[in-house]
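Q: This is the structure alone, sequence omitted:
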């Protein structure tokens with residue numbers, strides 16, 4: 001038995017959730033916030049048999065896309081002045097952890 005923990009951008013979470021449920025995976029969703037950009041994420045908890053992990057990862061990969069976003073970046077000059085120049089960063093996609101589960105109970 002495995003626990004798949006997937007952190008997915010809110011932009012993609014709806015598509016991922018629908019695709020997982022369509023293939024009869026039970027999904028628990030948690031609202032979370034990313035540390036770098038402080039943007040909303042959804043964390044999925046999915047318990048499954050070992051042989052189904054690959055399919056879960058395929059679904060997540062198919063429906064989670066990276067994209068570029070401009071974010072402000074504060075820079076201090078040699079005169080102590082602050083200027084805000086936008087920086088392009090990659091956002092979206094998914095971070096997936098697969099963990100062994102010793103016991104699973106549904107009460």
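A: Nice, I can see it. Not measured: the values here are computed from a predicted model.
Q: Sketch out the low-pLDDT regions of this structure for me.
A: 35-38, 69-85, 87-92 (pLDDT under 70).
Q: what are the ranges of the helices in it?
A: 10-22, 53-63 (DSSP state H).
Q: So for residue 44, which of those sits nearest?
A: Residue 44 sits nearest to helix 10-22 of all those, at 7.1 Å, using CB to CB. Quick note: C-beta positions are derived from backbone N, CA and C, even for glycine.
Q: Now do the strands in this structure.
A: 2-9, 28-33, 40-48, 66-76, 82-92, 94-100 (DSSP state E).
Q: and the last one, what other elements does it pack with?
A: Right, the one you point to is strand 94-100. strand 2-9, helix 53-63 (3 or more CB pairs under 8 Å, 6 or more residues apart in numbering; DSSP states H and E).
Q: Give me the residues contacting that strand.
A: Strand 94-100 has contacts (CB atoms under 8 Å, 6 or more residues apart in numbering) with 1-9, 12, 16, 53, 57, 60-61, 64.
Q: ok, of those residues, which one's closest to residue 43?
A: Once CB to CB is applied, the member of the contacts of strand 94-100 that ends up nearest residue 43 is residue 7, at 5.1 Å.
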